[in-house]
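Peer 1: Here is my input; please provide its structure:
(one chain, ligands or ions: 1)
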Amino acid sequence: MPIKTLAVMVSGTGSNLQMLIDRTKSGDIPATITGVVADRPCRGLERAWDAGIPAKLVERKAFDQFSEFQAAMLVALKDTQAQAVITAGYLSILSKSITEAYPLRMINVHPSLLPAFGGTGCFGSRVHQMVLENGCKITGATVHFVEQEVDCGPIIAQGSIPVYWDDTPDTIAQRLHSLEHVLLGDAVKAFCEGRIHVTGRRVRIQER
Ligand code: GRF
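Peer 2: Here you go, the predicted structure:
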């Protein structure tokens, strides 16, 4: 089924969000971003405001209980009236109430070749530090559907880059960002065009 409306969740610089804004506005991805939601003040929120997209901050710190935070986040997502959600650099854990509200309708980008270096605590430069400590010769990015277990949903797309001797977490992150933009953008395009088919854990992207 084609998807016409997207919500995007962010916590950081929002370069993936910017790519989605640019590709939806140009019509390359045939959908509209109807809202952006953040769990902390961040550059991603500013990018949404600059693009004239409704954006809401549901700040983790404002809630005593995680469940109250999740309830407010779900309301914010529902308010966007989006059919699907993209988590693009969103750093908080998502509760079942949220993941189950968007079954096979929530897509995440993770900066490693899952299932390696995924799960709770594996985010941001920590992932790249682990890649270096483990002596990996390649690393990469994964675009996947979100399920309740962190970083475990069906894999839609992956790409890899070499790890060089003089790499640091920062240089890996920089090179991965360009790869992520292409992988996530192309995956979201296929998703919105109704070309993604899931069978068990396996995902097939139908050619156009
Ligand atoms: C990306 O590396 C993504 O894989 C991870 O968070 C980062 C977000 O970058 N989940 P940006 O905020 O889109 O620039």
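Peer 1: which residues does the residue of the chain found nearest the ligand contact?
Peer 2: The nearest approach of the chain to the ligand comes at G89, 2.5 Å away (Cβ to the nearest ligand atom). Backbone N, C-alpha and C define where each C-beta goes, glycine included. G89 is in contact with V10, S11, G12, T13, G14, S15, N16, L17, G44, V109, counting by Cβ atoms under 8 Å, 6 or more residues apart in numbering.
Peer 1: ok, and the most crowded of these?
Peer 2: Neighbour counts for the contacts of G89 were taken using other Cβ atoms under 10 Å; the highest belongs to L17, with 30 neighbours.
Peer 1: So that one: helix, strand or coil?
Peer 2: Under DSSP: H, G, I helix; E, B strand; the rest coil, L17 falls in the helix class.
Peer 1: Quick check, it in contact with V109.
Peer 2: No - counting by Cβ atoms under 8 Å, L17 stays clear of V109, with 10.7 Å between them.
Peer 1: Overlap in contacts, these two.
Peer 2: Here L17 and V109 have A88, G89 as joint contacts, going by Cβ under 8 Å, 6+ apart.
Peer 1: what does this structure put close to the ligand?
Peer 2: Contact residues (Cβ under 6 Å from any ligand atom) of the chain with the ligand: 12-17, 44, 88-89, 109-111, 141, 180.
Peer 1: Among the residues you listed, which ones are in strands?
Peer 2: Cross-referencing the residues of the chain next to the ligand against strands under DSSP state E gives V109, H110, A141.
Peer 1: Now pLDDT and distance to H197 too, for those residues, in a markdown table please.
Peer 2: Below are these laid out as a markdown table (pLDDT from 0 to 100; distance: Cβ to Cβ, whole Å):
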| residue | pLDDT | distance to H197 |
| --- | --- | --- |
| V109 | 97 | 20 |
| H110 | 96 | 21 |
| A141 | 97 | 22 |
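Peer 1: Turn these into CSV, columns for distance to V163.
Peer 2: Below are these laid out as CSV (distance: Cβ to Cβ, whole Å):
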residue, distance to V163
V109, 19
H110, 17
A141, 13
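Peer 1: Check which residues of stretch 118-129 are buried.
Peer 2: G118, C122, F123, V127, H128 (16 or more other Cβ atoms under 10 Å).
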